[in-house]
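**Q** give the three-dimensional model of this entry:
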Amino acid sequence: MDFPIYGVSSFIFYTIFTFLAITSAALQEKQNPLVKNSVAGSSNSIQINSNSVLVALLDSHYTKLSELMEKALLLQTLEEAVSKHNITIFAPRNEALERDLDLEFKRFLLEPGNLKSLQNLLLFHMISNCVESTCWPTDVNEPKNHNSLCLDSNGKTLQVVEKNGEKLVGMAKIIKPDDITHPDRIIHGIERVIPKSIGSTGSDT
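**A** Residues are numbered from 1 along each chain as shown. Reported below is the predicted structural model:
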C-alpha cells in the first residue's frame, strides 16, 4: 500500500521545525543568560526582555559590568528604573574594570555582607535622565550636576562638563560617547571607574 508522500513530508517537516525551535531557544538562553534570569536568594524569577539595557551591555564591551550588576542583584532595580524614567549609564569598559578593581577589592565587594557597597558603586555610574553627547555643557565654569541612582550617594552628584575638548563625568573621560543609544537610555563608554567612597573601607575605587 502506498502512503501519501505529502503526509510523511509534513510530519518530518513539523518534527524538524520543532527540534530547531527548541534548540535555538536553548542556545539563546545559554549564550545570553540575562534574557531569562533567576536572582539568587530570591523566590521571584526576573524576566529580562531582549530589548533590555542589560542585554545591550552583555552584547557589547561592557560584559563585566553586566556580570557585576547581576552579582549585585541589580537586574530588577535597573529594569524598574528604565520603566519609570530615562537613564544614562556611564559604563567602564571591560579593561577599565579589570584595571581599576584589583582582585582583593573585587573580592571584598563580592562578599555577601558588602552587597550594598557593590550596589552603590555601580548605581553611582547611572543617572535618571538621558544625556546625549550633543547636550554636554561646554563651559567649564558651568558644569551640570546630576543625581545618581546610588542608594546612598551622601549628597554627591555626578558632574558633567567639557574641558579642553574632552567630555568628562566626574573624574572619568568619555571615550565612547553615545556608544549604545535607545529612546529611554544612553550608554557612554568611560575610561575608568568613577571614584566613589566605599563604606567601611575608607578608600576610593
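
**Q** which stretches in the protein count as helices?
**A** Assigned by DSSP state H, the chain shows helices spanning 5-31, 53-58, 63-71, 75-84, 94-100, 103-109, 115-123.

**Q** what mean pLDDT does the second one get?
**A** Average pLDDT, helix 53-58: 70.

**Q** could you do the last one as well?
**A** Per-residue confidence for helix 115-123 averages out to 91 on the pLDDT scale.

**Q** buried sites along it?
**A** Leu115, Ser117, Leu118, Gln119, Asn120, Leu121, Leu122, Leu123 (16 or more other C-beta atoms under 10 Å). C-beta here means a position set from N, CA and C on the backbone, and glycine is covered the same way.

**Q** show me which helix or strand of the protein is least confident by mean pLDDT.
**A** Counting by mean pLDDT, DSSP states H and E, the weakest-scoring helix or strand in the chain turns out to be strand 36-38, with a mean of 36.

**Q** returning to that earlier point: Serialize the buried residues of helix 115-123 to CSV and add fields for distance to Leu74.
**A** Shown next, in CSV, are these (distance: C-beta to C-beta, whole Å):
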residue, distance to Leu74
Leu115, 10
Ser117, 13
Leu118, 9
Gln119, 6
Asn120, 11
Leu121, 11
Leu122, 6
Leu123, 7
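
**Q** tell me the one among these nearest to Thr88.
**A** Distance to Thr88 across those (C-beta to C-beta) is lowest for Leu123, with 12.3 Å.

**Q** right, and that closest one touches Leu158 too?
**A** No - contact criterion C-beta atoms under 8 Å: Leu123 and Leu158 do not qualify, at 10.9 Å.

**Q** can you check which residues contact both of those two?
**A** Ser148 (C-beta atoms under 8 Å, 6 or more residues apart in numbering).

**Q** show me where pLDDT drops low in this structure?
**A** Scanning the chain for pLDDT under 70 picks out the ranges 1-54, 151-155, 196-205.

**Q** what about the longest strand in it?
**A** Ranked by number of residues, the top strand in the chain under DSSP state E is strand 172-182.

**Q** tell me the buried residues in that one?
**A** For strand 172-182, burial by neighbour count (16+ other C-beta under 10 Å) applies to Ala172, Ile174, Ile175, Lys176, Pro177, Asp179, Ile180.

**Q** could you do stretch 95-108 as well?
**A** So, applying 16+ other C-beta under 10 Å, buried residues of stretch 95-108: Ala96, Leu97, Asp100, Leu101, Phe108.

**Q** so the third one sits right up against Pro92, yeah?
**A** Yes - in this structure Asp100 lies within contact range of Pro92 using C-beta under 8 Å: 6.9 Å.

**Q** now list whatever residues contact both of those two.
**A** Common neighbours of Asp100 and Pro92 (C-beta under 8 Å, 6+ apart) are Arg192, Val193.
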